[in-house]
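1. Kindly generate the corresponding structure for this input.
(2 chains)
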Amino acid sequence: MDIETTKNQMAGFVFPTAEEQLATYFGNDGIAGQAAESLGVVFAKTNISNYSGSLDAVIDGSFME
Amino acid sequence: MKSMNKILAGAVVGATTLGAVSVAQAADSVNVAFFLEWATPNQIAKVDKVYDDAMGVPVNWTDFSTGVAMTEAMLAGDIDIAYSQGLAPFVTAIQQGAPLKMVSIAVIYEANDCFVGNNLGITSANASELEGKTVAVPLNTMADFSFRKQMAALNVDISTMSIVDQAPADGAVSLADGSVDMACIFGGASAKAAGEVGTPIMSSQEKSDAGIGSFDVVSVTEKVCN
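-> Residues are numbered from 1 along each chain as shown, chains lettered A, B, ... in the order given. Below is the predicted model of the structure:
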């Protein structure tokens, strides 16, 4: 991409910090889980082999702590 | 333009996330998927070999055209980490039982645009005229999610539309040659190309008012995490 296209694209980007992500996007009440559910993931399905009743099984913010 | 501090903070988050994943203990190298047309600050760290130093092994970067292709490569064992995979392809992969995890947010952004051919005279005001038309969509991506959300917001019945599964670059070409009436796009160069012959069906403000947004994730294989 040329510089102008790159700058225009990045002008619309938001890069949340690790702290912002842990506070807002992760955990059982986080935006990520809610967004995933709206995209059609039914986390109660048992085809997720290690699903333990928590979104932590597939949405895991522990690497940022 | 976001401040340089925020941009670099994003690069640090990316470096921290990738570095903390305990890949290097058992691997001679790490393979990461990314998009060529997606300008994220972690690419500064990529070029500067920050990840290589953090993990102690060479990090190999491979570009992909869609997040779905990233999933396929992860399932094939060719990719360990997908940077800025769309939430939609990640969710689809999980629904299909793929052993993947989301470990951080890569970037939050305005919902991808769907460009309508300028020759059609269709805007958000008369969007119902899209019914029966042909649209290029990279299926199961955030552009697909954006397409469905925008059509719902505009009360367009997508069951009447012919949907063609095309990666953004191909969708832009199809829009230009008239093969499709609308193309839903992500990626700077492809969006620029589509914008030369089409116009987004919803403005930034309209998408925001309708609550349509997007974010990409950093996903890893469970094998990498274990």
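2. in chain A, which spans are strands?
-> Using DSSP state E, the strands of chain A run over residues A:13-14.
3. Spit out the contact partners of the residue most central in space within it.
-> For chain A, the residue nearest the mean C-alpha position is residue A:32 (3.9 Å; Cα atoms, centre = their mean). By Cβ atoms under 8 Å, 6 or more residues apart in numbering or on different chains, the contact list for residue A:32 reads A:25-26, A:55, A:59, B:87, B:102, B:105, B:215, B:217. For glycine as for every other residue, the C-beta is placed from the backbone atoms N, C-alpha and C.
4. Lowest-confidence member of the residues you listed, which is it?
-> In this model, the minimum pLDDT among these belongs to residue A:55 (57).
5. Ramachandran angles for the spatially most central residue of chain B?
-> In chain B, the C-alpha nearest the mean C-alpha coordinate belongs to residue B:86, at 4.5 Å (Cα atoms, centre = their mean). Main-chain torsions, residue B:86, degrees, to the nearest 10: phi -60, psi 150.
6. May I have the residues that are in contact with the spatially closest residue to it that is not a sequence neighbour?
-> Leaving aside its sequence neighbours, residue B:86 sits nearest to residue B:142 (Cβ to Cβ, 6 or more residues apart in numbering or on different chains; 3.7 Å). Shown in contact with residue B:142 (Cβ under 8 Å, 6+ apart): B:67, B:86-89, B:111-112, B:186, B:214, B:216.
7. State the number of residues packed around residue B:46.
-> 21 (other Cβ atoms under 10 Å in any protein chain shown).
8. can you check residue B:40 too?
-> Residue B:40: 23 surrounding residues under other Cβ under 10 Å.
9. Which of the three states applies to it?
-> Secondary structure, DSSP: H, G, I helix; E, B strand; the rest coil: residue B:40 is coil.
10. quick one: residue B:122 from chain A, how far?
-> Counting by Cβ to the nearest Cβ, to the nearest Å, the gap from residue B:122 to chain A is 24 Å.
11. what do you get for residue B:88?
-> For residue B:88, the distance to chain A - Cβ to the nearest Cβ - is 6 Å.
12. returning to what we had before: show me which of the contacts of residue A:32 is closest to residue B:42.
-> When the contacts of residue A:32 are compared for distance to residue B:42 (Cβ to Cβ), residue B:105 wins out at 12.0 Å.
13. what's the helix or strand where the closest one lies packed up against?
-> For residue B:105, the host element (DSSP states H and E) is strand B:100-110. Counting contacts by 3 or more Cβ pairs under 8 Å, 6 or more residues apart in numbering or on different chains; DSSP states H and E, strand B:100-110 is packed against strand A:13-14, helix A:18-24, helix B:4-20, strand B:81-86, helix B:87-95, helix B:204-209, strand B:213-221, helix B:222-225.
14. Most tightly packed of the ones you listed?
-> When the helices and strands packed on strand B:100-110 are scored by mean count of other Cβ atoms under 10 Å in any protein chain shown, the highest mean neighbour count falls to strand B:81-86 (a mean of 28).
15. Please name the strands paired to that one in the sheet, noting orientation.
-> Its sheet considered, strand B:81-86 pairs with strand B:30-34 (parallel), strand B:213-221 (antiparallel) by DSSP bridges.
16. relative orientation of that strand and helix B:87-95 in degrees?
-> Put simply, strand B:81-86 runs at 120 degrees to helix B:87-95, going by axes from the mean of the first three to the mean of the last three Cα atoms, to 10 degrees.
17. Now the phi/psi pair for the residue nearest to residue B:86, please.
-> phi -70, psi -30.
18. Give me the distance between it and residue B:124.
-> 20 Å (Cβ to Cβ, to the nearest Å).
19. same thing with residue A:11?
-> The gap separating residue A:11 from residue B:124 is 23 Å, by Cβ to Cβ.
20. Check residue B:197 too.
-> Here residue B:197 is placed at a distance of 18 Å from residue B:124 (Cβ to Cβ).
21. How about residue B:54?
-> Separation of residue B:54 from residue B:124 (Cβ to Cβ): 46 Å.
22. repeat for residue A:2
-> As judged by Cβ to Cβ, residue A:2 and residue B:124 stand 29 Å apart.
23. can you check residue B:63 too?
-> Distance, residue B:63 to residue B:124, by Cβ to Cβ: 33 Å.
24. that older thread, now the two most distant members of the contacts of residue A:32.
-> Taking Cβ to Cβ as the measure, these reach their widest spread between A:55 and B:215, a distance of 15.6 Å.
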